[in-house]
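Novice: show me how the following folds:
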Amino acid sequence: MQKKLVCFIGIIILSLVLNLLPTPEGLTPKGHMSIIFMLAAVLFWVTEALPIAFAAILFTVLPAVFHIVPLPKMMSNFATPTVFFVFAMFVVSIAFQNSGFSRRIVLWASVKSRGNPGKLLLYLMLAGGILSSILADIPVMAMLVPVALVILQNNKCEPGTSSFGRAMMVGLPFACLIGGVGTPAGSSMNAMTIGLLKDTAHVNISFLDWTCVGMPIVFILIPIAWFFTIKAYPPEMDSLAGMGMVEQEYEKLGKEFDTLAVLQPTSPLRTCQDIRSAYRILEEKQADSVVGVCEVEHSPLWSNTLPEDGCLKGFIREDANGPRQKLSSYYRINGAVYIVSVPLLLKKGTLYGERGYACIMSKEHSIDIDDELDFAMAEFLLGHILHL
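Specialist: Model prediction:
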């Protein structure tokens, strides 16, 4: 505590001294102060004289307090696609951890090794590399290490002396590091690099462009890293003991999923209540699929093809001639919610079963973003919902 206080006072004094120095030639006073703030922020982060989260927020607001940059403009610098992409990446990482899907992959890879130490290391490295291509490296390592430690302890691998233990502790981090280059989601640095290239060099790299280059690199480098790791630290045993415990852990998770839910990101106003309603219909109707629908804006009875001369003769059928309110209600698939039983999907490869039912959703929750107009509408509705 005393050390942090000394660092805190020292950084404040250093900042004051630097501020009293003459502004370097070619640099404005505001630019001079901005550099001082940047240096102070880095020092606070390194020394942890202030909590990192608090320091980050503090130095976001201070430039506005000292009239270097207006607060709206300062905050707009953080409202970039890169920042939101990184935020979404961490959300996906939390979802993977909470769902247990990533742990299932790690345990499955361990079971498939059938007690062969070399295969186990290769499968765990491949699992770690693939997961790291869409998740941050540290959460992936947090999933791999518990499984690795159980296996090492069951085989009485002594810390610091076991060759196989060294192979595991060296190979797994390397695999996660390699996997991080696979997609832009693999590391926040990837997303920042894409943003930097776009802003400074006007080079646009899409998610698919990066992945088409990154994933082949991952699948080439991980086997190479495994080969050199296993050669440098050959396992001291021919087969592994204690794999039965890993198999039991895998069996506890269950081997099958009953249903699959598809929630498209282009339907951002869909709510958890809509999803619950769909699952309730699935259960009550004993359905094999449930699909989100909403009422169409205009009756299809008022739609038709046009001849080349644009004549409207016979355009509307006689039974559709009348007030719109008296016409039957028609519904369309909104793309917001699809829930299908896994057996149906595996057998017929479709999201629409013979015992399929509709989950009727409101028009507001059914907004599907396909173009800029849809995005503007979704933005307006979201602002209305949040009272912005």
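Novice: ok but residue 312 is inside a helix, no?
Specialist: No. According to DSSP: H, G, I helix; E, B strand; the rest coil, residue 312 belongs to no helix; its state is coil.
Novice: find the residue closest to it in space, skipping its chain neighbours.
Specialist: residue 306 (7.9 Å; C-beta to C-beta, 6 or more residues apart in numbering). From N, CA and C alone the C-beta is placed, and that goes for glycine too.
Novice: what about the one you found, how many neighbours?
Specialist: The tally of other residues near residue 306 (other C-beta atoms under 10 Å) stands at 9.
Novice: likewise residue 103?
Specialist: Residue 103: 19 neighbours (other C-beta under 10 Å).
Novice: got the CA coordinates for the helix or strand containing it in PDB?
Specialist: Per DSSP states H and E: residue 103 is located in helix 101-112. Extracted C-alpha coordinates of helix 101-112, given in PDB (Å, rounded to 0.1, in the frame of the first residue of the first chain):
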ATOM      1  CA  PHE A 101     -19.100 -26.200 -24.800                       C
ATOM      2  CA  SER A 102     -15.400 -25.400 -24.800                       C
ATOM      3  CA  ARG A 103     -14.800 -27.800 -21.900                       C
ATOM      4  CA  ARG A 104     -16.700 -30.500 -23.800                       C
ATOM      5  CA  ILE A 105     -14.300 -30.000 -26.800                       C
ATOM      6  CA  VAL A 106     -11.300 -30.300 -24.500                       C
ATOM      7  CA  LEU A 107     -12.500 -33.400 -22.800                       C
ATOM      8  CA  TRP A 108     -13.600 -35.000 -26.100                       C
ATOM      9  CA  ALA A 109     -10.100 -34.400 -27.500                       C
ATOM     10  CA  SER A 110      -8.600 -36.100 -24.300                       C
ATOM     11  CA  VAL A 111     -10.900 -39.100 -24.600                       C
ATOM     12  CA  LYS A 112     -10.000 -39.600 -28.300                       C
END
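Novice: average pLDDT across it?
Specialist: Mean pLDDT, computed over helix 101-112, is 74.
Novice: and the residue lying farthest from the centre of the chain, what's its pLDDT?
Specialist: The outermost residue of the chain relative to its centre, with distances by C-alpha atoms, centre = their mean, is residue 313 at 52.9 Å. At residue 313, the model reports a pLDDT of 79.
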